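*Asks:* Pasting the sequence and the predicted model now:
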Amino acid sequence: MSRTKQIAVGGGGVGRPAWTKNLGQRFALVFVWAILVIGFSLAKPETYFTTGNFQTIFGSQAVLLILAMGLIIPLTTGDFDLSVAANLTFAAMLVAIFQVDHGWALLPTILLAVAATTLIGLANGLIVVKIGIDSFIVTLGSGTILQGLVLWISDARTITGVSDALIDWTVTNRIFGISMVFWYGLVLTLVLWYVFSRTALGKRLLFVGRGRNVALLSGINVDRVRIAALTCSGLVAGLAGVAYAGMLGTADPTSGLSFLLPAFAAAYLGATTIQPGRFNPWGTFIAVFFLVSGITGLQLLGADSFVQQLFYGGALIIAVVMSELVRRRNERRRMASAA
């Protein structure tokens with residue numbers, strides 16, 4: 001590597017490795033998370049700074065982690081999927097109905113639920129791409145249809161009696177005291193990190209999101225990439241729904257819908273860290289647990305339950321603003337380099 005290329009942007013000095021550039025920006029959320037945890041631990045050492053509390057923090061938000069991982073796939077290509085929470089709820093309800101009401105075995109039930117949500121994601125992608133309707137409108141509509149479908153097939157009732165095996169392999173069995181579902185989310189994070197950063201598919205997703213016309217001129221099948229991204233979002237939402245049914249041991253028609261705002265907040269906040277200006281798995285992972293760490297701390301300090309909505313809503317607005325500022329700065333840098 002030449003001496004010029006080793007000099008960091010902004011005069012960081014000779015010989016500085018590329019990965020050390022913009023460390024403050026890349027890891028700012030990690031630093032804030034650490035400060036947050038330390039602050040609440042000092043304020044509530046007997047309840048916050050305990051092994052049990054941290055095990056709960058990591059285990060309780062695993063479903064949100066899985067859902068947010070699915071969401072960042074279409075977001076990377078520039079498409080929204082507002083149906084992910086409804087798709088999660090639909091999958092959870094299918095698991096409960098076919099296990100409890102129809103006596104199906106666990107594996108066929110899971111396969112059915114995930115296949116159904118994957119097909120819904122595929123339908124979203126085909127409508128968005130082939131007909132040319134904005135993904136915001138299509139997925140908002142399909143999510144609303146799914147909400148009605150869930151109420152219909154469940155008779156608006158909560159269904160209990162989900163398989164003990166599913167419960168065991170989501171919350172009962174633990175590694176280092178943390179529910180298995182967290183480790184599934186961690187594995188998914190690793191898989192997506194590898195796909196995004198180490199495969200041609202990940203590069204295509206990013207290229208399409210940065211500029212569809214340029215990607216098309218470069219020989220990328222933009223339509224296929226966008227359809228695949230929305231299909232994968234449906235698949236991962238189905239997996240999140242299966243995990244949600246296992247965590248609760250039941251399925252109800254409405255509680256899963258509450259994951260929509262937190263998933264978007266985590267995705268956008270995650271785009272401000274690790275790889276600023278880009279939706280990325282590790283940033284999303286950090287954002288999920290940063291948010292829940294803050295909410296848990298405030299609740300232990302006596303804050304009312306509505307603090308959760310305030311925290312997620314505020315985080316989403318701040319994250320979108322920060323992501324846009326980073327995007328504009330990166331765009332100015334690219335234009336300056338091209339000049």
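*Replies:* Nice, thanks for sending it over. Here the structure is a predicted model, which means the values were calculated and not measured.
*Asks:* Can you get me a residue count around Ile175?
*Replies:* Close neighbours of Ile175, defined as other CB atoms under 10 Å, add up to 9. Using the backbone N, CA and C atoms, a C-beta is placed for each residue, glycine as well.
*Asks:* What's the separation between it and Phe311?
*Replies:* To Phe311, Ile175 is 28 Å away according to CB to CB, to the nearest Å.
*Asks:* Going by neighbour count, which residues of the longest helix seen in the chain are buried?
*Replies:* Counting residues, the longest helix found in the chain (DSSP state H) is helix 307-338. Using 16 or more other CB atoms under 10 Å as the test for burial, helix 307-338 gives Gln308, Phe311, Tyr312, Ala315, Leu316, Ala319, Val320, Met322, Ser323, Val326.
*Asks:* Now pLDDT too, for these, in a markdown table please.
*Replies:* Formatted as a markdown table, the buried residues of helix 307-338 follow (pLDDT from 0 to 100):
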| residue | pLDDT |
| --- | --- |
| Gln308 | 76 |
| Phe311 | 76 |
| Tyr312 | 79 |
| Ala315 | 77 |
| Leu316 | 76 |
| Ala319 | 74 |
| Val320 | 76 |
| Met322 | 73 |
| Ser323 | 68 |
| Val326 | 70 |
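*Asks:* Next, format those residues as CSV and append distance to Pro262.
*Replies:* Shown next, in CSV, are these (distance: CB to CB, whole Å):
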residue, distance to Pro262
Gln308, 8
Phe311, 9
Tyr312, 5
Ala315, 9
Leu316, 9
Ala319, 12
Val320, 14
Met322, 17
Ser323, 17
Val326, 21
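*Asks:* Closest one of those residues to Leu201?
*Replies:* Distances from Leu201 to the buried residues of helix 307-338, taken as CB to CB, are shortest for Ser323 (22.9 Å).
*Asks:* Okay, strands next: where are they in the stretch 101-250 of the chain?
*Replies:* With DSSP state E, counting those that start in this stretch as the criterion, the stretch 101-250 of the chain has strands at 159-160, 174-175, 178-179, 250-251.
*Asks:* in its sheet, what does the first one sit against?
*Replies:* According to DSSP bridges, strand 159-160 forms sheet pairs with strand 250-251 (antiparallel).
*Asks:* what's the model's confidence in the strand it pairs with, averaged?
*Replies:* Mean pLDDT, strand 250-251: 94.
*Asks:* Equivalent analysis for stretch 79-92, please.
*Replies:* The model assigns stretch 79-92 a mean pLDDT of 97.
*Asks:* number of nearby residues for Ile35?
*Replies:* Neighbour count for Ile35, taken as other CB under 10 Å: 10.
*Asks:* Just want the angle from the host helix or strand of it to helix 307-338.
*Replies:* Assigned by DSSP states H and E, Ile35 belongs to helix 28-43. Per axes from the mean of the first three to the mean of the last three CA atoms, to 10 degrees, the angle that helix 28-43 makes with helix 307-338 is 150 degrees.
*Asks:* just checking, what packs against the longest helix of the chain?
*Replies:* Helix 307-338 sits against helix 260-270, helix 281-300, with contacts defined as 3 or more CB pairs under 8 Å, 6 or more residues apart in numbering; DSSP states H and E.
*Asks:* send the alpha carbons of the shortest one over as PDB?
*Replies:* Taking Å, rounded to 0.1, in the frame of the first residue of the first chain, the C-alpha atoms of helix 260-270 are listed here in PDB:
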ATOM      1  CA  LEU A 260     -42.800  -2.800  13.900                       C
ATOM      2  CA  LEU A 261     -41.600   0.500  15.300                       C
ATOM      3  CA  PRO A 262     -38.800  -1.000  17.400                       C
ATOM      4  CA  ALA A 263     -37.600  -3.000  14.400                       C
ATOM      5  CA  PHE A 264     -37.400   0.200  12.300                       C
ATOM      6  CA  ALA A 265     -35.800   2.100  15.100                       C
ATOM      7  CA  ALA A 266     -33.100  -0.600  15.500                       C
ATOM      8  CA  ALA A 267     -32.400  -0.800  11.800                       C
ATOM      9  CA  TYR A 268     -32.000   3.000  11.300                       C
ATOM     10  CA  LEU A 269     -30.100   3.500  14.500                       C
ATOM     11  CA  GLY A 270     -27.800   0.600  13.500                       C
END
